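>>> With the input below, show me the fold.
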Amino acid sequence: MRIIRDYQYVEPSDTNAVAAIGNFDGVHLGHQAVLKRVHSIAKNLSAPVGVVTFEPHPRSYFAPHAPTFRLMSPAAKATRLEKLGVEKLYELNFNAKISKLNPEEFARKVLSDGLKLKHVLVGQDFCFGRDRKGNVQILKDLGVNLGFGVTTLELIKGDHGELSSTSIRHLLSDGKPKEAASQLGHWHRIEGPIIGGEQRGRILGYPTANMELHELHLPKLGVYAVLIDILDGPYKGSFKGAASIGVRPMFGKNTPNLETYIFDFSGDIYGAQVSIALVEYLRPELSFDTVDILVKQMASDCEKAKEILCKT
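Residues are numbered from 1 along each chain as shown. Take a look at the predicted model:
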């Protein structure tokens, strides 16, 4: 998959794609259905399969100090899109210049003159251009004038209503990873490098792999049964474990992070890229009166997680 970040400098081989436009946060079942339509139209037009998205997310650009909300990092999203057959990822740099383009300028300068798209697919509620003044009908009219086709997609519904990144965030905030997975079509995963910790888990007999949660949506704080994939290094492979998302109140911390105890594992994975899948919420984050009580609870958490993961 090719990643293109500047619409003003596009190689000829990266043009003439059929592309869906959207944020694709989480790459959920709704997004996957959209990509199937992209594949179908691209095949009929003998064109590459593409996705147009933006970095940073426009929501982050306009409200940089708002609570974090992203379900996945740009790298994780790109990896998943590639697995779904996307050939051209137009991960455009969202900046002051592009934010000030009116709908006609965006369609002409970005979609037509820049990316030279053959056909675009958007949701029926799609808005674009400065102050979100462009809508689907305006895009269709511009497409006629500029020479690209436009397909409008209806909102896709699942068993519990509309499939959306917002509804998935709500489920994760409520401690419902299984329900979130039913909308995602896969486990919700938190990916990133393993960082050094304070070694408290090792002292307690439960060494953990620690990961920061910068810029990602914060699931409900507490302990989870998890699946672990170490993505690189000598210990690359799949494992099971129990993880805590929280601020470690017993030790006076206040910055949330992810601490994962990997069952039957003793390797050094500092710096490795790791993917943690949230399978089931076990209990809320608690503060214990003594370390001994904490250790007993950790043992109980691990046993419960093992029972759950044996059935996964």
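>>> contacts and neighbour counts: CA atoms only from here.
Fine.
>>> Helices along the stretch 201-312 of the chain, start to end?
291-310 (DSSP state H, counting those that start in this stretch).
>>> pLDDT weak spots in it?
201-205, 248-254 (pLDDT under 70).
>>> how about the strands of it, start to end?
Ranges of strands in the stretch 201-312 of the chain, per DSSP state E, counting those that start in this stretch, are 209-212, 222-230, 237-246, 257-262, 273-283.
>>> Mean neighbour count and distance to residue 101 added to those strands, as JSON lines?
As requested, these are exported to JSON lines (neighbours: other CA atoms under 10 Å; distance: least, CA to CA, whole Å):
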{"stretch": "strand 209-212", "mean neighbour count": "23", "distance to residue 101": "35"}
{"stretch": "strand 222-230", "mean neighbour count": "24", "distance to residue 101": "42"}
{"stretch": "strand 237-246", "mean neighbour count": "21", "distance to residue 101": "40"}
{"stretch": "strand 257-262", "mean neighbour count": "22", "distance to residue 101": "38"}
{"stretch": "strand 273-283", "mean neighbour count": "22", "distance to residue 101": "37"}
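>>> mind putting these in CSV, distance to residue 301 included?
Listed next are those as CSV, based on distance: least, CA to CA, whole Å:
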stretch, distance to residue 301
strand 209-212, 16
strand 222-230, 8
strand 237-246, 7
strand 257-262, 11
strand 273-283, 7
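>>> out of these, nearest to residue 34?
strand 273-283 (24.0 Å; CA to CA).
>>> Give the other helices and strands that the closest one contacts.
helix 177-184, strand 188-193, strand 222-230, helix 291-310 (3 or more CA pairs under 8 Å, 6 or more residues apart in numbering; DSSP states H and E).
>>> The same query, at a cut-off of 10 Å, please.
Applying 3 or more CA pairs under 10 Å, 6 or more residues apart in numbering; DSSP states H and E, one finds that strand 273-283 makes contact with helix 177-184, strand 188-193, strand 209-212, strand 222-230, strand 237-246, helix 291-310.
>>> mind giving me a markdown table with those and columns for distance to residue 121?
Listed next are those as a markdown table, based on distance: least, CA to CA, whole Å:
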| stretch | distance to residue 121 |
| --- | --- |
| helix 177-184 | 20 |
| strand 188-193 | 26 |
| strand 209-212 | 35 |
| strand 222-230 | 33 |
| strand 237-246 | 36 |
| helix 291-310 | 39 |
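>>> of all the ones you listed, which lies closest to residue 262?
Checked against CA to CA, the stretch from the helices and strands packed on strand 273-283 lying closest is strand 237-246, at 4.4 Å.
>>> Tell me the strands beside the closest one, with direction?
Sheet pairing of strand 237-246 (DSSP bridges) gives strand 222-230 (antiparallel), strand 257-262 (antiparallel).
>>> mind putting these in a markdown table, distance to residue 215 included?
Listed next are these as a markdown table, based on distance: least, CA to CA, whole Å:
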| stretch | distance to residue 215 |
| --- | --- |
| strand 222-230 | 19 |
| strand 257-262 | 12 |
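>>> buried set for the helix or strand where residue 36 lies?
Using DSSP states H and E, residue 36 sits within helix 29-45. Residues of helix 29-45 classed as buried by neighbour count (16 or more other CA atoms under 10 Å): 29-32, 34-35, 37-39, 41-42.
>>> swap in stretch 55-73?
Those would be 55-58, 60, 69-73, for stretch 55-73 by 16+ other CA under 10 Å.
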